[in-house]
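**Student:** Predicted structure and sequence below. I'll ask about it afterward.
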Amino acid sequence: MSHHAKYMDIESKSALNRVRGMGFRWSLNPFRGCVHGCHYCFARRYNAFHDLNASEDFSGLVFVKTNIVDVLRAELSRPSWPRDVVAIGTATDPYQPIEGARRLTRGCIEALAERRTPLQLVTKGTMVQRDVDVLADACRRAGASVSFSITTLDPDLWRDLEPGTPPPWKRLQVMERLVTAGVRAGVLLAPVVPGITDSHESLAAVVEAAAAHGAHYLHPNVLHLQPGTREHFMDYLSSRNPRLHSAYQRLYVEPFAPTTLRRDVEDRVSELMDAHGLKERRHDWWQPAQPAQQLALAGV
């Protein structure tokens with residue numbers, strides 16, 4: 001998918017975005033739009049805020065914030081900066097292919113480490129392995145963690161749901177390399193897509209593989225469909241799976257799936273994690289290990 005994308009350089013007025021209602025207070029996104037083209041991506045809704053199409057425009061047009069590293073350094077150097085956790089990759093993947101040439105995510109990680117600001121990064125990309133040196137440094141100086149989003153290990157489902165992403169088994173190999181290098185890394189089993197990736201076999205395959213590749217943590221999250229994403233995903237379902245489409249209209253009256261369904265998935269994943277010796281850290285997957293814990297994890 002990436003070869004169809006158009007890239008547009010833009011200047012960013014600010015780097016850090018204030019976040020409310022999440023486990024972290026600040027987010028940072030070097031890009032807007034994403035060539036991964038995941039049909040369920042919650043960030044599609046952000047394009048609707050900018051009068052862009054949440055379907056084609058999202059994966060076909062990527063904005064590159066050329067000055068973000070300089071802007072971030074200026075913001076971090078303010079005496080008032082509280083050194084709160086900064087989440088990278090909340091609205092677009094920080095390791096989509098353009099990062100290979102631009103190195104903006106790498107620059108942001110270096111800036112955060114210099115100012116001893118902890119970071120939590122989420123990606124489906126494998127390019128993160130290029131930055132194992134700066135991530136290990138960030139871990140030592142401030143605390144950092146890298147979460148790999150894994151939805152399924154089924155090759156057909158992966159190609160269908162996440163057409164522009166590296167294969168999930170490659171992401172797990174990269175996670176293992178990071179863990180070996182002393183970086184706190186784990187798996188977000190997210191999103192769990194009802195009726196598609198929520199079978200026992202599907203969930204078990206991801207949990208088992210996460211444990212086998214040394215994940216420090218795993219956290220499941222059931223699909224939610226905000227306006228923008230909802231319309232795109234419903235169109236996708238109606239063309240791929242009409243029967244499921246009508247079930248989803250009943251299931252997703254609200255953006256979030258019913259509590260009973262979410263609890264059921266969480267309970268089943270929890271049992272699988274116990275079976276594979278993985279501890280769930282439900283409330284702190286996004287919380288980077290502090291440097292002392294980090295050294296303990298690395299066996300120093």
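**Tutor:** Good, I have the coordinates.

**Student:** Which secondary structure element is home to the residue nearest to Gly277 when sequence neighbours are not counted?
**Tutor:** Distance criterion C-beta to C-beta, 6 or more residues apart in numbering; nearest residue to Gly277, sequence neighbours excluded, is Ala211 at 6.1 Å. Placement of C-beta: from N, CA and C, glycine included. In this structure, Ala211 sits in helix 200-212 according to DSSP states H and E.

**Student:** Give me the contacts around the helix or strand following that helix.
**Tutor:** Scanning the chain past helix 200-212 towards its C-terminal end, the next helix or strand to appear is strand 218-222 (assignment: DSSP H and E). Residues external to strand 218-222 that are found in contact with it (C-beta atoms under 8 Å, 6 or more residues apart in numbering): 147, 186-192, 194, 198, 203, 207, 210-211, 256-257, 261-262, 265-266, 269, 273, 278, 280-282, 285.

**Student:** 6 Å instead?
**Tutor:** Contact with strand 218-222 is made by 186-192, 210, 257, 262, 265-266, 269, 278, 285, as judged by C-beta atoms under 6 Å, 6 or more residues apart in numbering.

**Student:** what bits of this protein have low per-residue confidence?
**Tutor:** Counting by pLDDT under 70, the ranges of the chain that qualify are 1-4, 40-60, 280-300.

**Student:** Please enumerate the helices of it.
**Tutor:** With DSSP state H as the criterion, the chain has helices at 44-49, 56-60, 68-76, 99-102, 104-114, 132-141, 155-161, 168-180, 200-212, 229-240, 242-251, 259-275, 291-297.

**Student:** nearest to Lys124, of those helices?
**Tutor:** Proximity to Lys124, assessed across the helices of the chain by C-beta to C-beta, is greatest for helix 168-180 (6.4 Å).

**Student:** from the chain's centre, how far out does that closest one sit?
**Tutor:** Between the mean C-alpha location of helix 168-180 and the chain-wide mean there is a distance of 14 Å, by C-alpha atoms, centre = their mean, to the nearest Å.

**Student:** Next, the buried residues of that helix.
**Tutor:** Pro168, Arg171, Leu172, Val174, Met175, Glu176, Arg177, Leu178, Val179 (16 or more other C-beta atoms under 10 Å).

**Student:** Going by distance to Ile88, which of those wins?
**Tutor:** Of all the buried residues of helix 168-180, Ile88 sits closest to Leu178, with 14.5 Å by C-beta to C-beta.

**Student:** quick revisit: of the helices of the chain, which stretch is the most buried?
**Tutor:** Highest mean neighbour count among these (mean count of other C-beta atoms under 10 Å): helix 104-114, with a mean of 23.

**Student:** And that helix, what does it pack against?
**Tutor:** Here helix 104-114 touches helix 68-76, helix 132-141, going by 3 or more C-beta pairs under 6 Å, 6 or more residues apart in numbering; DSSP states H and E.

**Student:** rerun at 8 Å
**Tutor:** The helices and strands touching helix 104-114, judged by 3 or more C-beta pairs under 8 Å, 6 or more residues apart in numbering; DSSP states H and E, are helix 68-76, strand 86-88, strand 119-123, helix 132-141.

**Student:** would you list the ones you listed in a markdown table and tack on distance to Met22?
**Tutor:** What follows is those, written out as a markdown table (distance: least, C-beta to C-beta, whole Å):
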| stretch | distance to Met22 |
| --- | --- |
| helix 68-76 | 19 |
| strand 86-88 | 8 |
| strand 119-123 | 11 |
| helix 132-141 | 20 |
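
**Student:** Nearest to Gly37 among the ones you listed would be which one?
**Tutor:** Using C-beta to C-beta, the nearest of the helices and strands packed on helix 104-114 to Gly37 is strand 119-123, at 15.1 Å.

**Student:** hmm, who's touching that closest one?
**Tutor:** Contacts of strand 119-123 from elsewhere in the structure, counted by C-beta under 8 Å, 6+ apart, are 24, 85-90, 93-95, 105, 109, 112, 128, 135, 138, 142-149, 188, 286-288.

**Student:** Kindly report the same for stretch 246-265.
**Tutor:** Applying C-beta under 8 Å, 6+ apart, the contact partners of stretch 246-265 are 192, 194-195, 198, 203, 220, 222-227, 230, 233-234, 237.

**Student:** swap the cut-off to 7 Å and go again
**Tutor:** 192, 194-195, 198, 220, 222-226, 230, 234, 237 (C-beta atoms under 7 Å, 6 or more residues apart in numbering).
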